[in-house]
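A.B. asks: sharing a model prediction with you, sequence too.
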Amino acid sequence: KIPNALWANLIQESLSNVDCIKQGWILEGFPENQEQAWMLQSSGIFPRHVVVLYAPDTVLIERNSGKRLDPVTEEVYHTTFDWPSDELVQQRLVKPEDLSEEEMSRKLLEYHRNFPGIFQIYQKILKSINADQPCMDV
């Protein structure tokens, strides 16, 4: 775990780079809670848009169970949605260790606890998108 203050400093430093200033930036998976969102704001970091992809927990757990990782390229594949055509790649795919159903359930519980606080801060700029549909539609 990285302390929130360090996260805020690292993000603030990165977002001050010329490419972020000229082209914009995306934070994925951060902030995870209201404290982190307040910390970003107190550091002068205000996103113009916040996008939340949502799907039922059962769908997310099922999708998570199909993830496979190529240890050579670190590409992520899925047994149903994105299976590699190359047989050599197929043979070396492994199931990531940290993706157990129990771990995913724990992460979802934490998300459900923290989301209302994040929503409260970003509600005027937050856009929710249903992720329980084909990726082309998302």
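C.D. replies: Perfect, thanks for sending it.
A.B. asks: and the strands in the chain?
C.D. replies: Secondary structure of the chain (DSSP state E): strands at 50-54, 67-69, 76-78, 126-130.
A.B. asks: list the contacts for Asn2?
C.D. replies: Check again: residue 2 is Ile, not Asn. Leu10 (Cβ atoms under 8 Å, 6 or more residues apart in numbering). Backbone N, C-alpha and C define where each C-beta goes, glycine included.
A.B. asks: any idea how far it is from Ala131?
C.D. replies: According to Cβ to Cβ, to the nearest Å, Ile2 stands 27 Å off from Ala131.
A.B. asks: residues of the biggest helix by length in the chain that come out buried?
C.D. replies: The longest helix of the chain (DSSP state H) is helix 101-122. Under the neighbour-count criterion of 16 or more other Cβ atoms under 10 Å, helix 101-122 has Met104, Lys107, Asn114, Gly117, Ile118, Ile121, Tyr122 buried.
A.B. asks: likewise stretch 3-22?
C.D. replies: Asn4, Trp7, Ala8, Ile11, Leu15.
A.B. asks: same question, stretch 124-138
C.D. replies: Neighbour count says stretch 124-138 has Ala131 buried, by 16+ other Cβ under 10 Å.
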